[in-house]
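In: model the following, please.
(chains A and B)
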Protein chains: 2
Amino acid sequence: MSSFPLTVHATDRPGVLKMLGLIAAVDIGATKITASLCSREGFIIRLYQRTRLEGGEETIPLQVRELIDACFERARRYPEELKAVGISSAGPFRRIDGYLHIVSPNICGGMAPERGALPNDWKKVPLEEVLKKHFDNVIIENDAVSAVMAERNLGPGRGHDNILYVTWSTGIGTGALVDGRLIRGKNGNAPHGGHVVLVDDGPLCGCGDRGHLEALSSGTAIARDYGDGASTADVFGYYRRGDERAVEIINEAARHFARGLASINNLLDTEIVIIGGSVFSNNTEILLPLVWEEFRRSFPVLSHGVEISPTGLGDHIGDLAALSLVIPDEWIDDWKEKRPWEGAPDTIVVD
Amino acid sequence: MSSFPLTVHATDRPGVLKMLGLIAAVDIGATKITASLCSREGFIIRLYQRTRLEGGEETIPLQVRELIDACFERARRYPEELKAVGISSAGPFRRIDGYLHIVSPNICGGMAPERGALPNDWKKVPLEEVLKKHFDNVIIENDAVSAVMAERNLGPGRGHDNILYVTWSTGIGTGALVDGRLIRGKNGNAPHGGHVVLVDDGPLCGCGDRGHLEALSSGTAIARDYGDGASTADVFGYYRRGDERAVEIINEAARHFARGLASINNLLDTEIVIIGGSVFSNNTEILLPLVWEEFRRSFPVLSHGVEISPTGLGDHIGDLAALSLVIPDEWIDDWKEKRPWEGAPDTIVVD
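Out: A predicted model of the protein is given here:
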């Protein structure tokens, strides 16, 4: 943080204030929340805290407020400088009385398949309602939906109006820009691409249905199919040593992933597919050729000309996703050129 | 036609001209083209002609021009009254130099899987470019995409911003309104819902890939699976008489159809699914309960609250689809209330 100059707060100079305004970028997951404060020059501070899953249904939005307040305090900035809050959150959501609520079975104990799996019995988390009471300008999207904005603003999606972003990680999430606009759907859950159907029966998906992309190709699925207590990273290690079972499992996971991309592309008529997430990013040299080989076999008129590209934003995608929901147009060129996330200050873990 | 009053052409009264303006609605298929002329009061005339598949690549757009001209001549209306042309066409499309071209293998011999299947070797039909030279205000969408506008303007989609329209006929086509806007994609091919992947291998689809909804559930697939030269209508007849093989084939087709709806809904987060097309419309009492039973088993958070409804527009969907692309807002209430398509003049077949 010390490497970032503190700019003077200038309430008496509105034009300058506009230039000096700050953005809070918050990434909410089932295990951790990160909150960053950004200026036009880059990240000022980034706090990390375990997600609080005990207490009332408002616990998480109140934690987000606290974390944003803590960012300002620790960075010695004025809360009045805050222009907007971008929030990238684990989904799915449900819109209740006009406000987005998190209804994820990984966060809400009352939505989990097994009672007692989480230390709460929440049916929903009233994220938007609580935060809108406190902040004037809040935009909330699910993590993969906001990632597509980051890829378009700052990554290989530049200049494209039809982008599919896929995070291939322990789960599989997607975000899509169609005709230059994010698609959201009635509850803000579009596109839940991890849940396209690919086989008729197949392994049980976390959502309760069968045959979904996520149940066939996610990091969790790869480890499950190998068994023997191997982690996903282990299975890729075995693949590299030529272990036949690992080769077969990863080939199948990649084939299903490509079939999933083809199915989604047949629906969305995409220009570019951008893939991030730990499973893909750590094993791009193995997975990208496998995915490409299968994808190009699909419906030729619709797969023609589709690009497939790894994310250009690496580990910073979560923060940049939240930021990109509210980044002012006049910051984008600076950020693209200087890539300030690459020299971002160290994350501060808070209790 | 004689039941429709001829209104006076009034170029000297611009306000009245606006009220009296006419719309041409054109529905282009591989076998026939219909062109209708509509006023605020209803259909004035409807011409039907076999699709011309011989000649240069401009043959079809030139035929559309001729048909629209013929509508005016036969209805004794002035071409100057034309406000807009809505065109609902068989796809898929490709955008070349900014203009939509038809690249359907059922229309373009050069795109068909077998050479010689069609009496032309077209690679594309320059529909938009030719028509935009001739008409000031032309909107072109694929047939299912424009149908969703008809359902929203005049059918059960009223008041909804997230609508999936599915035509279940010899093929399966879809159109979708997401967040209140039609989704089109880079070449205007979104959403090609007949080509979502549902099984891993499965029968060959017309597009060249395998395991697609259309190859599993379309009318063509139902007849193919029964064999013995039975038509789709025959198989439904056998179903009604309790023929075991027909029951099994139709149950499976409906199950796959519902799995396809679930997969699309997981991507688009839909409010209402509206189903039309001859297979569904002729057998709604059989298919709707089967589809509903399977659909409700899917990913509960996303299928929760989704309505499934038959089209309210019946056989008129093609004309109303084309019309709905350009219908003035001020006509919609009249059309909704009076449903003038139900008393439309007889179609005139032209050579």
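In: what score does whatever residue of the stretch 251-351 of chain A ends up closest to chain B have for pLDDT?
Out: As assessed by CB to the nearest CB, chain B sits closest to A:D269 within the stretch 251-351 of chain A, at 2.3 Å. For glycine as for every other residue, the C-beta is placed from the backbone atoms N, C-alpha and C. pLDDT for A:D269: 95.
In: cool, and A:F299?
Out: Looking at A:F299, its pLDDT stands at 81.
In: now it, nearest residue through space, not along the chain?
Out: Distances taken as CB to CB, 6 or more residues apart in numbering or on different chains put B:C207 closest to A:F299, at 4.3 Å, once the chain neighbours are dropped.
In: after the longest helix along chain A comes which helix or strand?
Out: Secondary structure of chain A read by DSSP state H shows that its longest helix is helix A:244-268. Helices and strands here follow DSSP states H and E; after helix A:244-268, the next one along the chain is strand A:272-276.
In: quick one on the thing from earlier: touching, the residue of the stretch 251-351 of chain A closest to chain B and B:G193? I think so.
Out: No - using CB atoms under 8 Å, A:D269 is not in contact with B:G193; the gap is 11.5 Å.
In: more neighbours, those two?
Out: B:G193 (28 against 24; other CB atoms under 10 Å in any protein chain shown).
In: so A:R46 sits in a strand?
Out: Yes - membership of A:R46 in a strand is supported by DSSP: H, G, I helix; E, B strand; the rest coil.
In: ok, it - how many residues close by?
Out: When neighbours are defined as other CB under 10 Å, A:R46 has 22 of them.
In: what's the answer for A:D136, then?
Out: A:D136 sits with 9 neighbouring residues when counted by other CB under 10 Å.
In: could you look up the SS state of the residue of the stretch 101-250 of chain A found nearest chain B?
Out: Among all residues of the stretch 101-250 of chain A, A:G185 sits closest to chain B, at 2.3 Å; criterion: CB to the nearest CB. Put simply, A:G185 is coil when judged by three-state DSSP.
In: measure it to B:E81 for me?
Out: With distances taken as CB to CB, to the nearest Å, A:G185 is found 40 Å from B:E81.
In: these two: which has the busier surroundings?
Out: When neighbours are counted by other CB under 10 Å, A:G185 comes out ahead of the other of A:G185 and B:E81, with 25 against 18.
In: give me the nearest residue to the most centrally placed residue in chain A, chain neighbours excluded.
Out: The centroid of chain A falls nearest to A:D143 when counting by CA atoms, centre = their mean (2.9 Å). Across the structure, with CB to CB, 6+ apart as the measure, the residue nearest A:D143 apart from its sequence neighbours is A:S88 (4.9 Å).
In: and the one you found, that's in a strand?
Out: Yes - A:S88: assigned to a strand according to three-state DSSP.
In: which pLDDT value belongs to it?
Out: A:S88 is assigned a predicted lDDT (pLDDT) of 96.
In: picking that back up, burial check on the residue nearest to A:F299, number of neighbours?
Out: 22.
In: so what does the longest helix of chain A touch, helix or strand wise?
Out: Applying 3 or more CB pairs under 8 Å, 6 or more residues apart in numbering or on different chains; DSSP states H and E, one finds that helix A:244-268 contacts strand A:163-168, strand A:172-178, helix A:213-217, helix A:219-226, helix A:232-240, helix A:284-295, helix A:300-303, helix B:244-268.
In: before we move on, the earlier item: in contact with the residue nearest to A:F299, which residues?
Out: Taking CB atoms under 8 Å, 6 or more residues apart in numbering or on different chains as the contact definition, B:C207 lies against A:F299, A:P300, A:V301, A:L302, B:H195, B:E214.
In: tell me which of the residues you listed is nearest to B:I96?
Out: Ranked by distance to B:I96 (CB to CB), the contacts of B:C207 are led by A:V301 at 12.8 Å.
In: show me the contacts for the closest residue to the closest one other than its chain neighbours.
Out: Excluding its sequence neighbours, the residue lying closest to A:V301 (CB to CB, 6+ apart) is B:P92, at 5.1 Å. The contact partners of B:P92, taken as CB under 8 Å, 6+ apart, are A:V301, A:L302, B:I102, B:V103, B:S104, B:N142, B:N187, B:N189, B:H192.
In: picking that back up, what sits against the residue nearest to the centre of chain A?
Out: A:D143 neighbours (CB under 8 Å, 6+ apart): A:D27, A:G29, A:S88, A:S89, A:A90, A:G91, A:T167, A:G173, A:G175, A:G318, A:A321.
In: any idea how far A:A75 lies from A:R46?
Out: Computed as CB to CB, the A:A75 to A:R46 distance reads 10 Å.
In: and for A:E58?
Out: A:E58 sits 24 Å away from A:R46, going by CB to CB.
In: picking that back up, buried ones in the longest helix of chain A?
Out: Taking 16 or more other CB atoms under 10 Å in any protein chain shown as the basis for neighbour counts, the residues of helix A:244-268 that come out buried are A:246-247, A:249-250, A:252-268.
In: what angle sits between it and helix A:219-226?
Out: Helix A:244-268 and helix A:219-226 meet at an angle of 140 degrees, taking axes from the mean of the first three to the mean of the last three CA atoms, to 10 degrees as the criterion.
In: got the angle for helix A:244-268 vs strand A:163-168?
Out: With the same axes, to 10 degrees applied, the angle from helix A:244-268 to strand A:163-168 works out at 150 degrees.
In: and the angle from helix A:244-268 to strand A:172-178?
Out: Relative orientation of helix A:244-268 and strand A:172-178, computed by the same axes, to 10 degrees: 30 degrees.
In: next secondary structure after the worst-scoring helix or strand of chain A on mean pLDDT?
Out: Taking mean pLDDT, DSSP states H and E as the measure, the helices and strands of chain A show their lowest mean at helix A:14-20, namely a mean of 47. Per DSSP H and E, the first helix or strand lying C-terminal to helix A:14-20 is strand A:22-28.
In: how far off centre is whichever helix or strand comes after that next one?
Out: Counting by DSSP H and E, the element after strand A:22-28 in chain order, helix or strand, is strand A:32-39. Averaging C-alpha coordinates over strand A:32-39 and over its chain gives two centres that are 14 Å apart (CA atoms, centre = their mean, to the nearest Å).
In: helices or strands up against strand A:32-39?
Out: If you count contacts as 3+ CB pairs under 8 Å, 6+ apart, strand A:32-39 packs onto strand A:22-28, strand A:42-50, helix A:59-75, helix A:317-324.
In: using TSV, lay out those together with distance to chain B and mean pLDDT.
Out: Rendered in TSV, the data for these read as follows (distance: least, CB to the nearest CB, whole Å; pLDDT from 0 to 100):
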stretch	distance to chain B	mean pLDDT
strand A:22-28	17	97
strand A:42-50	25	96
helix A:59-75	18	97
helix A:317-324	18	94
